[in-house]
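Peer 1: From the sequence below, what's the structure:
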Amino acid sequence: MRPSSDAPLPPVRAFDALARAADDEIDVALGAALIAKDVYHDLDVDALLRRVEDLAGPLKGALLAGAPVSEQVDAVSARFRDLGFRGNVDDYYDAKNSLLPDVLERRTGIPITLTLVWCELARRAGVRARGVGFPGHFLARVDGDDDAAPLIVDPFAGGRVVSDEAARALLERTLGVGAELHPSLFAPAWSRAMLVRMLMNLKAVWAGRGEHTRAFIALDRIVLLEPDSASILRERAGVALRLGIHELARTDLTRVLELEPDAPDAPNIQKRLVALRASPRSAPN
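Peer 2: Okay, here's the model as predicted:
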């Protein structure tokens, strides 16, 4: 899946190829690197991925695969902390917390990017680590080779094992007091879902700062990953209209009606399409 170092693909085409891959074939670290390349156009994607590889250091020879899960987690979290990774509690909504080069350089980030790094380190030690799309706070999950229960880890907290009590506190912080903790909340997240969540975070940051072009690019990448998401197509259409990309807005809104012909906002979308067709601005430019 990675573009070759001697003939790298342009970032748009490279991400498009990654997005078309099957869920279990998507390299989430590569996806995160390509997302960053939208911001840092001269980013050497292969060099960045080699940097992730190098960070694993002694873990690559640790042969942790057969060890008890608790020992695996302790070893990976110790390396993670030795490298200086920590949650950015002082400037949580800084866009750099969602960009892999900055996370590696500054050793700080938000739960999802720190989980990505933690899991990449773990995998290089033979540890079965995957992200968990827990509501409001991404976590990591480590499964052993036996029937033992998996351990849930919080890389934002330095790789601390998450107890049921701590998980319930995290859940109530997001969904309110009394929210029910259910095993399904700890299901592994596909790489595609991780990339979508990273992009949604970036989109929210860019939109909040009025950087609509960057917000549009993030939405554009999400559409590549989830081409039949009516909600994302609606949102991209709205930003496209703001940026004057009327033909794309028409295409997106038309697709929304195809996906959800009986949606409550379908009449309003129809009116918007009629207005776009009548406006000379709707012509391609």
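Peer 1: any idea where the helices of the stretch 1-150 of the chain begin and end?
Peer 2: Secondary structure of the stretch 1-150 of the chain (DSSP state H, counting those that start in this stretch): helices at 11-20, 28-37, 45-55, 69-82, 100-106, 111-123.
Peer 1: Tell me which residues touch the nearest residue to D94 once chain neighbours are set aside, please.
Peer 2: Of all residues beyond its chain neighbours, the one nearest D94 is N88 (6.7 Å), with distances taken as Cβ to Cβ, 6 or more residues apart in numbering. For the C-beta atoms, the positions are set from N, CA and C on the backbone; glycine is no exception. By Cβ atoms under 8 Å, 6 or more residues apart in numbering, the residues touching N88 are D94, N97, T108, G109, I110.
Peer 1: ok, W190 to R173 distance?
Peer 2: 25 Å (Cβ to Cβ, to the nearest Å).
Peer 1: between those two, who's got more neighbours?
Peer 2: W190 (17 against 13; other Cβ atoms under 10 Å).
Peer 1: List the residues that contact the more buried one.
Peer 2: Neighbouring residues of W190 by Cβ under 8 Å, 6+ apart: D23, D24, I26.
Peer 1: Can you select the buried ones among those residues for me in PyMOL?
Peer 2: To isolate the buried members of the contacts of W190 in PyMOL, using 16 or more other Cβ atoms under 10 Å:
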select buried, resi 26
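Peer 1: Closest one to L257 out of the contacts of W190, please.
Peer 2: The shortest approach to L257 among those belongs to D23, at 27.4 Å (Cβ to Cβ).
Peer 1: tell me the phi and psi of the closest residue to that closest one other than its chain neighbours?
Peer 2: Using Cβ to Cβ, 6+ apart and skipping the chain neighbours, the partner closest in space to D23 is W190 (4.5 Å). Per-residue torsions, W190: phi -70, psi 150 (degrees, to the nearest 10).
Peer 1: what sits up against the one helix or strand A193 maps to?
Peer 2: Assigning secondary structure by DSSP states H and E places A193 in helix 191-208. By Cβ under 8 Å, 6+ apart, the residues outside helix 191-208 that reach it are 19, 23-24, 26-28, 31-32, 35, 93-95, 98-99, 110, 112-113, 116, 131, 133, 138, 189, 212, 214-215, 218-219, 221-222, 225-226, 239.
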